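Engineer: The following comprises the amino acid sequence and a computationally predicted model.
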Amino acid sequence: MEFIEVRNCYKVYKNGVTALADANLKITKGEFVFVIGPTASGKSTLLKLLYREEKPNKGNIYVGGVNVSKLRNSKVYKLRRKIGIVFQDFKLLPKLTVYENVAYPLESYGMKSSDIRKSVLKALERVGLKEKYRSFPHELSGGEQQRVCIARAIVNEPKLIICDEPTGNLDPDTSKEIMDVINAINKEMGATIVMATHDKEIVNRMKKRVVTIKDGVVVKDKMKGSYDNENIKNTKS
């Protein structure tokens with residue numbers, strides 16, 4: 001059985017915009033998959049469906065054997081505990097230290113302080129920021145802030161990590177460093193990585209599986225793929 005399966009999914013927003021139209025996709029456990037496509041192609045919508053930020057109008061989405069499209073709202077928190085999410089704009093809490101930002105989700109789960117400390121320091125070590133645990137977000141560079149975001153995403157040892165344009169606000173050299181961190185996490189933790197990106201250089205350098213979405217439909221799916229210039233204009237999403 002596939003770890004992620006998107007079956008005949010349609011998503012139409014209230015303003016009439018069709019984000020996904022009969023989208024189908026299968027991802028096995030431990031894969032690293034880039035999702036690329038033009039602006040408004042449906043990339044971010046697909047990611048939001050995976051962690052149940054949105055629900056499809058039609059179709060089914062399975063994550064780890066659970067049909068998340070049919071999941072009750074009261075049960076969504078259980079799904080989120082098994083998923084790490086890395087955003088483009090970091091979404092760090094400015095008044096909390098690095099340690100506190102990474103610990104925050106574990107505290108909400110009611111975990112013991114001693115276990116939280118162990119998990120947080122391990123996550124920070126994985127992203128190369130263990131010595132910065134007392135710093136505040138404004139004291140960090142953009143790349144360091146994104147590393148904190150990654151540490152927060154992996155602190156609970158999730159089986160799935162969703163990344164929505166994680167290098168969108170970073171320069172090329174820092175983007176490369178961030179991608180090396182995420183790639184190492186994929187290999188060391190065995191976590192499945194699904195990443196939406198517009199970064200041609202990263203996609204071409206890493207040679208992972210590349211899924212191209214256009215007009216809400218998966219139009220290309222290639223192992224060790226490259227950036228699909230035929231279907232994509234160089235626009236950001």
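Structural biologist: Here it is on my side, so go on.

Engineer: Can you give me the domain boundaries for this protein?
Structural biologist: 1-82+159-226, 92-157 (automatic domain parsing).

Engineer: quick one: pLDDT of the residue found closest to Leu170 once you drop the neighbours it is linked to in the chain?
Structural biologist: Nearest non-adjacent residue to Leu170, counting by Cβ to Cβ, 6 or more residues apart in numbering: Gly142, 5.6 Å away. Where you see a C-beta, it was placed from the backbone N, CA and C, and this is true even at glycine. For Gly142, the pLDDT comes out at 95.

Engineer: neighbouring contacts of the one helix or strand in the chain whose mean pLDDT sits lowest?
Structural biologist: Lowest on mean pLDDT, DSSP states H and E among the helices and strands of the chain sits helix 76-80, with a mean of 90. With contact meaning Cβ atoms under 8 Å, 6 or more residues apart in numbering, helix 76-80 is reached by Tyr51, Arg52, Val63, Val66, Val68, Leu71.

Engineer: Look up how far Tyr10 lies from the second one.
Structural biologist: What it means is Arg52. 16 Å (Cβ to Cβ, to the nearest Å).

Engineer: who's more crowded, those two?
Structural biologist: Arg52 (20 against 15; other Cβ atoms under 10 Å).

Engineer: Please look at that one and Val68 and confirm they touch.
Structural biologist: Yes - in this structure Arg52 lies within contact range of Val68 using Cβ atoms under 8 Å: 5.1 Å.

Engineer: what ranges of this structure fall below the confidence cut-off?
Structural biologist: Where the chain drops to pLDDT under 70, the residues are 1, 230-237.

Engineer: Please repeat the previous calculation with a cut-off of 80.
Structural biologist: Across the chain, the ranges flagged by pLDDT under 80 are 1, 228-237.

Engineer: can you give me the helices in it?
Structural biologist: Using DSSP state H, the helices of the chain run over residues 43-50, 76-80, 98-108, 113-126, 142-154, 172-189, 200-206.

Engineer: circling back to that earlier point, ranking by neighbours, what's the top pick from the contacts of helix 76-80?
Structural biologist: Within the contacts of helix 76-80, most neighbours by other Cβ under 10 Å means Val63, with 25 neighbours.

Engineer: That residue reaches Pro158, doesn't it?
Structural biologist: No - the pair Val63 / Pro158 is not scored as a contact, 11.0 Å apart, by Cβ under 8 Å.
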